[in-house]
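Colleague: All I have is the shape, not the residue letters:
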């Protein structure tokens, strides 16, 4: 990996337009993000596959549970709304 180049000096900075300076700043941020991504990828590549699979299985179970609870909550809300609508229609019919 190459090291990050030093930021432009004051004289070089003065020669750049604000848009060019902003673009260079964004490229610097991108470079930092790519370095972090590379480090995380290397760390994941060195982790034992079995340990990673166990972690993913646990995450999958938790995600499935949350999804099931969310579906039940939404179904309950829809059913409650439907019952309220029917009660309102029935009371308007009587009244």
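Modeller: Good, I have the coordinates. Treat the numbers as computed from the prediction; the structure is a model and nothing was measured.

Colleague: Next secondary structure after the worst-scoring helix or strand of the chain on mean pLDDT?
Modeller: Using mean pLDDT, DSSP states H and E, helix 10-15 stands out as the lowest-scoring helix or strand of the chain, at a mean of 66. For helix 10-15, the succeeding helix or strand toward the C-terminus, using DSSP states H and E, is helix 18-46.

Colleague: tell me the mean pLDDT for the helix or strand hosting residue 59?
Modeller: Residue 59 is part of helix 49-94, with elements assigned from DSSP H and E. Per-region confidence: helix 49-94 scores 92 on mean pLDDT.

Colleague: Same question for stretch 31-45.
Modeller: Computed over stretch 31-45, the mean pLDDT rounds to 93.

Colleague: Pull out the buried residues from it.
Modeller: Using 16 or more other C-beta atoms under 10 Å as the test for burial, stretch 31-45 gives no buried residues. (Each C-beta comes from the backbone N, C-alpha and C, glycine too.)

Colleague: distance between it and the chain's centre?
Modeller: Per C-alpha atoms, centre = their mean, to the nearest Å, the displacement of stretch 31-45 from the mean C-alpha position of its chain is 17 Å.

Colleague: Stretch 87-95 too?
Modeller: 46 Å.
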